[in-house]
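>>> I'd like to go over a predicted model; first the sequence, then the structure.
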Amino acid sequence: MATKQPDNSIDVDNDEQLTEPEHEHTVVDEQQDAEDDDDTDDADADQAGATNRPEPLLTRDGSPAAALWSLNSRWRHINHGSFGAVPVFAQLRRLAYLQETESAPQRWFMAAPERLAQAREGLADFLGVDADRFGFVPNASAGMTAAIRALMLNAGDELLITDHAYGAVAFSARREARQRGAKVRTVPIELDATPEHILTVLGKALAKKPAGLIIDASTSATAREFPVAALAELATKHGVPLLVDAAHAPGIQHRPAEGIAASAWVGNLHKFACGFRGSAVLVAEKKFAKNLYPVIDSWGMDDPFPARFDHQGTFDYTPYLASVDAITGLEARIGWDSIRGYIESLLDYSTDVVADALDAASGEESRVDVAAPAPGMTLLRLPGSLGASHDDAQAVRQRITDELGFETQVTSFRDTGYLRLSAHAYNTADDYERFAEDAVPTLVEWSRER
């Protein structure tokens, strides 16, 4: 289903610095196609094993999907799950909004709340919730901070998180608890824990009536899913507020917030939805929303939720508006169902390619038993002690970028380093084949130097 395009944009007549790519189509006769296929069949079979090698994704008009982005070919970008990537047409829309802002600042800011309300209408179907149930926030961490504050913890209260929680969110929970005389309890969850086991463990914790439970829909460090819908039902049964950090969900899941009966649910628009950094959504249950306020006090504070989030003074609203343009534009040019299907098939293939290379070069098993893998991301164990601590994981990631020419993600969990692969519409099988061939031997070499 196509996402509604809000009437909140202006046309760009001319921009000399940034233009959307034009595509030329060439027709190659069937004989030449067959000859080319013969040349690559053996190589593809070696790389793919039992998994089919996906062809690059095309737009609705038959042009390469990758041409919609402006990513620098100096690096191969296989870490969409961290910072995303914005298509060129959306970059142009944001430039237009910025130009409009600077041409008449007062007019822009006086009209901003109405335009943001229109943008929420345009995004509602994509998220799977009504427009009056969510507001815009700068990122998922900001949304979670607002939700944690809305718990209004008292001295002696206990707030539950798991050991898979995103670091910034865990920090926010601990700081709020410390300031209010409450405490945070961390519930350990194994990587291979089944959804049923998670419900049993957290069900026992919820029965003790904590002040709230914070859960990740898809975890950042471990790329696994939690049974959010079932946990929401369980939390409701025990009368415990559930706060869901669904940072990766928009875009990779169809209507991701639909049917989730959580007190608060936050999702980034800059990750799989391909919006701008500095754009996310905070969805809230009606009763809980009464205590939800932006992290910055401004003139909209007396408005009801979510309107109070639409009025943030001189905040830069252009990422919110242009992110909706990115989402609706990708539906028009490719289709989100096609994007999600392509990501799944490409990630299946690339995981096999990289894992086989790691196993062969290191003599260790890289595949990880994750009971419920997160959509759009895959976790592979790095050899030896490589990336075993948070600081070392960050250092290894930077070396991969600087020395090997790949933007990827390295995480750590319980003193083990992991390579976290992700994919999007602009990626191709060649990105991961090159990583397996060019980067994996060096990673194994780094691990042995230790």
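Cool, the structure landed. Note that this is a predicted model, so its numbers are computed, not measured. Numbering: from 1, shown residues only.

>>> Give me the sheet partners of the top strand by length along the chain and which way each runs.
Looking across the chain with DSSP state E, the single longest strand is strand 416-422. In the sheet, strand 416-422 lines up against strand 377-381 (antiparallel), strand 409-413 (antiparallel) (DSSP bridges).

>>> next structured bit after it?
Later in the chain than strand 416-422, the nearest helix or strand by DSSP states H and E is helix 429-434.

>>> Need the residues that contact that next one.
47, 53-54, 56, 76-78, 346, 349-350, 353-354, 421 (CB atoms under 8 Å, 6 or more residues apart in numbering). Just so you know, the C-beta spots here come from the backbone N, C-alpha and C atoms, and that holds for glycine as well.

>>> Which ones among those lie within strands?
76, 77, 421.

>>> Just give me the closest of the residues you listed to residue 209.
Closest approach between these and residue 209, by CB to CB: residue 421, at 40.0 Å.

>>> Measure how buried the closest residue to the closest one other than its chain neighbours is and give me the count.
Among residues not flanking residue 421 along the chain, residue 378 sits closest, at 4.6 Å (CB to CB, 6 or more residues apart in numbering). Residues lying near residue 378 (other CB atoms under 10 Å) number 24.

>>> do residue 155 as well
Residue 155 has 9 neighbours, counted by other CB under 10 Å.

>>> Nearest residue to it in space, ignoring adjacent ones along the chain?
residue 181 (3.3 Å).

>>> Now that we're looking at residue 223, what pLDDT does it have?
As predicted, residue 223 sits at a pLDDT of 95.

>>> Show me where the stretch 1-150 of the chain has its strands.
76-77, 134-137 (DSSP state E, counting those that start in this stretch).

>>> just these: most buried one?
Neighbour counts (mean count of other CB atoms under 10 Å) averaged over each of those peak at strand 134-137, with a mean of 28.

>>> Report the mean confidence score over that strand.
Strand 134-137 shows a mean pLDDT of 97 in the predicted model.

>>> strands paired with it, and their directions?
Strand pairing (DSSP bridges) places strand 134-137 next to strand 280-284 (antiparallel).

>>> and the next element down the chain from the strand it pairs with?
helix 286-289.

>>> related to what we said a few turns ago, wait, which of the ones in strands among the contacts of helix 429-434 is closest to residue 308?
Nearest to residue 308, judged by CB to CB, of the ones in strands among the contacts of helix 429-434 is residue 77 at 36.8 Å.

>>> got a list of what the nearest residue to the closest one once chain neighbours are set aside touches?
Counting by CB to CB, 6+ apart, residue 77 lies nearest to residue 407, which is 4.7 Å off, once chain neighbours are set aside. By CB under 8 Å, 6+ apart, the residues touching residue 407 are 75, 76, 77, 78, 79, 401.

>>> contacting residues around stretch 387-395?
With CB under 8 Å, 6+ apart as the test, stretch 387-395 has contacts from 167, 385-386, 396-397, 410-412, 415-419.

>>> Quick one: residues contacting residue 336.
Residue 336 neighbours (CB under 8 Å, 6+ apart): 3, 126, 251, 254, 330.

>>> okay, and for the stretch 351-450 of the chain, where does confidence drop off?
By pLDDT under 70, the stretch 351-450 of the chain has no low-scoring segment.

>>> now swap in the stretch 51-200 of the chain and tell me
Within the stretch 51-200 of the chain, the ranges that satisfy pLDDT under 70 run 51.

>>> got the residue ranges for the helices in it?
80-83, 88-103, 105-127, 140-150, 167-180, 195-206 (DSSP state H, counting those that start in this stretch).

>>> and these, which is most packed in?
helix 140-150 (a mean of 24).

>>> What is it packed up against?
With contacts defined as 3 or more CB pairs under 8 Å, 6 or more residues apart in numbering; DSSP states H and E, the packing partners of helix 140-150 are helix 167-180, strand 212-216, strand 242-245, strand 264-268, strand 280-284.

>>> same thing but 7 Å
Packing contacts for helix 140-150, counted by 3 or more CB pairs under 7 Å, 6 or more residues apart in numbering; DSSP states H and E, involve helix 167-180, strand 242-245, strand 264-268, strand 280-284.

>>> Between the two ends of stretch 181-198, how far is it?
End-to-end distance for stretch 181-198: 28 Å, by CA to CA, to the nearest Å.

>>> who touches residue 411 in this structure?
By CB atoms under 7 Å, 6 or more residues apart in numbering, the contact list for residue 411 reads 221, 393, 418, 420.

>>> re the thing from before, most tightly surrounded among the strands paired with strand 416-422?
Burial among the strands paired with strand 416-422, expressed as mean neighbours by mean count of other CB under 10 Å, is greatest for strand 377-381, which shows a mean of 23.

>>> so where's the longest helix in the chain?
Counting by DSSP state H, the longest helix found in the chain is helix 336-362.

>>> Excluding covalently adjacent residues, which one is nearest to the residue nearest the centre of the chain?
The chain has residue 248 as the residue nearest its centroid, 2.8 Å off, counting by CA atoms, centre = their mean. Distances taken as CB to CB, 6+ apart place residue 218 nearest to residue 248, at 4.5 Å, with adjacent residues excluded.

>>> thought residue 357 was touching residue 440?
Yes. Counting by CB atoms under 7 Å, residue 440 is a contact partner of residue 357 at 4.3 Å.

>>> returning to what we had before: now the contacts of helix 429-434: which count as buried?
Neighbour counting with 16 or more other CB atoms under 10 Å marks 47, 53, 54, 76, 77, 78, 346, 349, 350, 353, 354, 421 as buried within the contacts of helix 429-434.

>>> closest to residue 299 among the ones in strands among the contacts of helix 429-434?
Looking across these and measuring by CB to CB, the closest to residue 299 is residue 77, at 39.9 Å.

>>> quick one: that closest one and residue 378, what's the gap?
Distance of residue 77 to residue 378, computed by CB to CB, to the nearest Å: 16 Å.

>>> where does residue 50 land on pLDDT?
pLDDT at residue 50 comes out at 44.

>>> What helix or strand is the residue nearest to residue 275 when sequence neighbours are not counted located in?
Spatial nearest neighbour of residue 275, chain neighbours left out: residue 323 (2.8 Å); criterion: CB to CB, 6+ apart. Residue 323 is part of helix 318-333, with elements assigned from DSSP H and E.

>>> okay, now the closest residue to residue 342 other than its chain neighbours: neighbour count?
Leaving out its chain neighbours, the residue that sits closest to residue 342 by CB to CB, 6+ apart is residue 57, at 4.5 Å. Neighbourhood size, residue 57 [other CB under 10 Å]: 22.

>>> Do I have it right that residue 57 meets residue 425?
Yes. Using CB under 7 Å, residue 57 is in contact with residue 425, at 5.1 Å.

>>> May I have the phi/psi pair for the closest residue to residue 344 other than its chain neighbours?
Nearest residue to residue 344 in three dimensions, chain neighbours excluded: residue 375, at 7.2 Å (CB to CB, 6+ apart). Dihedral angles of residue 375 (phi, psi; degrees, to the nearest 10) stand at phi -70, psi 140.
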